[in-house]
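> Model the following, please.
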Amino acid sequence: MLIETSAPTRVDLAGGTIDIPPLFLFHEGASTVNFAVSMRAYCTIETRDDSRILLRSIDQNQEFEIALDDIDSLKNEPRLELLSKLVYFFKPEVGFTMTTRSEAPAGAGLAGSSTLNIACIGALNKLVGDRYTPDRFIPIAAAVECQVIKVPTGYQDYYSAQYGGVSSIHFGPAGMHREAVDCDTDTLERRIAICYTGEPRNSGTNNWEITKRHIDGDKEIHEIFDGIRDTAVDARNALLKNDWDAVGTVLKNAFPRRKRLSPNITTPQMDHLIQTAIDNGAIAAKVCGAGGGGCIAFYCEDGRRGDVEAALAAQDGAKVLDWTLANDGLVISVS
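Residues are numbered from 1 along each chain as shown. Sure thing, here's the model as predicted:
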């Protein structure tokens with residue numbers, strides 16, 4: 001049997017970090033807004049005739065093999081830890097080779113690990129005979145990723161990976177639900193440039209420090225998170241109305257608030273790239289993920305995306321990413 005899956009990465013437009021439990025419980029109406037992009041994560045599983053499991057990551061240039069009878073050893077296996085813990089969770093009863101790769105740069109802040117998580121869950125679940133219904137994929141992904149990074153993980157990234165498109169994910173005491181945002185996606189594509197800064201990032205560190213401050217009752221953090229919630233609400237409303245001037249205003253006003261969360265949100269390289277983009281037709285910058293490196297999405301004046309991309313491409317270390325909106329979420333094929 002050959003199982004092939006893929007899932008899209010994402011750009012988080014508004015509301016990031018508030019999706020980490022239990023933070024959203026303290027901000028009524030909490031939500032995030034994101035859109036899936038065409039840089040996908042892939043997982044391939046091919047069953048074998050022997051009783052061996054081979055795990056291989058093309059991106060990390062790493063692989064290792066164990067006997068099927070030793071599957072319990074994957075619980076605490078440090079090599080390819082996410083893949084190992086997922087295989088341990090599903091405990092397949094046949095030998096197989098599992099290969100993963102991603103089109104997004106390492107440490108890009110585009111939810112690469114969460115996206116790969118969903119792609120692997122889709123493949124492993126198919127391998128074990130559809131043990132879980134798709135509505136269970138996101139809770140499983142969040143639980144296993146928390147075991148890997150050892151701090152609470154946000155939920156929004158799994159929704160873009162599983163469902164694709166433009167999304168507003170709503171959080172509250174009753175749970176979480178995704179709303180598909182019906183907006184002019186051609187305009188969205190035309191007005192957003194994505195640049196990889198050349199500096200990988202570490203989301204767990206920034207988000208955990210912020211989470212601890214929030215739980216400890218830091219009044220400034222609570223105020224900032226109220227603003228983050230309001231930004232997501234305003235961004236959703238502007239997109240639904242296709243009010244692109246309002247979208248620009250919301251994102252422009254959100255950036256200073258986001259920087260107040262941590263001194264590590266941007267680096268000197270990122271600040272330089274942001275100023276370069278603003279000087280060449282960008283209205284607003286949105287640091288992707290937790291910041292501290294990775295990618296920046298720029299909302300551009302209409303017709304100026306090309307100017308912004310050209311200016312960024314000329315900067316040392318920066319790489320402009322080619323992308324389109326991904327309407328398809330998790331895709332699974334079996335042959």
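> domains of the protein?
2-180+326-334, 185-321 (automatic domain parsing).
> Switch those domains over to TSV; also include mean neighbour count.
C-beta: built from backbone N, CA, C; applies to glycine. Formatted as TSV, the domains of the chain follow (neighbours: other CB atoms under 10 Å):
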stretch	mean neighbour count
domain 2-180+326-334	20
domain 185-321	19
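> need the strands for the chain, in chain order.
Under the criterion DSSP state E, the chain carries strands at the ranges 2-14, 31-47, 52-57, 62-67, 96-102, 166-172, 175-180, 192-196, 282-287, 295-300, 319-321, 331-334.
> Now find how far off-centre the fifth one is within its chain.
Right, strand 96-102. Its chain's C-alpha centre and that of strand 96-102 lie 20 Å apart, by CA atoms, centre = their mean, to the nearest Å.
> Summarise which helices and strands that strand is packed against.
strand 31-47, strand 52-57, helix 81-90, helix 112-127 (3 or more CB pairs under 8 Å, 6 or more residues apart in numbering; DSSP states H and E).
> mind running it again at 10 Å?
strand 2-14, strand 31-47, strand 52-57, strand 62-67, helix 81-90, helix 112-127 (3 or more CB pairs under 10 Å, 6 or more residues apart in numbering; DSSP states H and E).
> Is it possible to get CSV of the ones you listed that adds mean pLDDT and distance to Ala282?
Shown next, in CSV, are the helices and strands packed on strand 96-102 (pLDDT from 0 to 100; distance: least, CB to CB, whole Å):
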stretch, mean pLDDT, distance to Ala282
strand 2-14, 97, 14
strand 31-47, 98, 18
strand 52-57, 98, 35
strand 62-67, 98, 37
helix 81-90, 98, 34
helix 112-127, 97, 24
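> Indicate which one of those is closest to Asn280.
Of all the helices and strands packed on strand 96-102, it is strand 2-14 that lies closest to Asn280, at 19.7 Å by CB to CB.
> list the contacts for Ala282?
191-193, 195, 248, 252, 273-276, 296-301, 304-305, 307-309, 311-312 (CB atoms under 10 Å, 6 or more residues apart in numbering).
> ok, 8 Å please
Residues in contact with Ala282 (CB atoms under 8 Å, 6 or more residues apart in numbering) are Ala193, Ile274, Phe298, Tyr299, Cys300, Glu301, Arg304, Val308.
> Which one of the residues you listed is nearest to Ile228?
Relative to Ile228, the closest of the contacts of Ala282 is Tyr299; by CB to CB it sits at 17.1 Å.
> So the residue nearest to that closest one when sequence neighbours are not counted versus Ala141, what's the distance?
Counting by CB to CB, 6 or more residues apart in numbering, Tyr299 lies nearest to Ala284, which is 4.5 Å off, once chain neighbours are set aside. The gap separating Ala284 from Ala141 is 30 Å, by CB to CB, to the nearest Å.
> now swap in Cys300 and tell me
33 Å.
> ok, now Asp184?
Counting by CB to CB - Asp184 and Ala141 are separated by 30 Å.
> these two touch, right, Ala36 and Tyr159?
No - the pair Ala36 / Tyr159 is not scored as a contact, 9.1 Å apart, by CB atoms under 8 Å.
> so what sits against both of the two?
Contacts common to Ala36 and Tyr159, judged by CB under 8 Å, 6+ apart, are Ser167.
> before we move on, the earlier item: please tabulate the strands of the chain in JSON lines, including the columns distance to Arg236.
Listed next are those as JSON lines, based on distance: least, CB to CB, whole Å:
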{"stretch": "strand 2-14", "distance to Arg236": "8"}
{"stretch": "strand 31-47", "distance to Arg236": "5"}
{"stretch": "strand 52-57", "distance to Arg236": "36"}
{"stretch": "strand 62-67", "distance to Arg236": "40"}
{"stretch": "strand 96-102", "distance to Arg236": "28"}
{"stretch": "strand 166-172", "distance to Arg236": "4"}
{"stretch": "strand 175-180", "distance to Arg236": "8"}
{"stretch": "strand 192-196", "distance to Arg236": "16"}
{"stretch": "strand 282-287", "distance to Arg236": "15"}
{"stretch": "strand 295-300", "distance to Arg236": "15"}
{"stretch": "strand 319-321", "distance to Arg236": "24"}
{"stretch": "strand 331-334", "distance to Arg236": "26"}
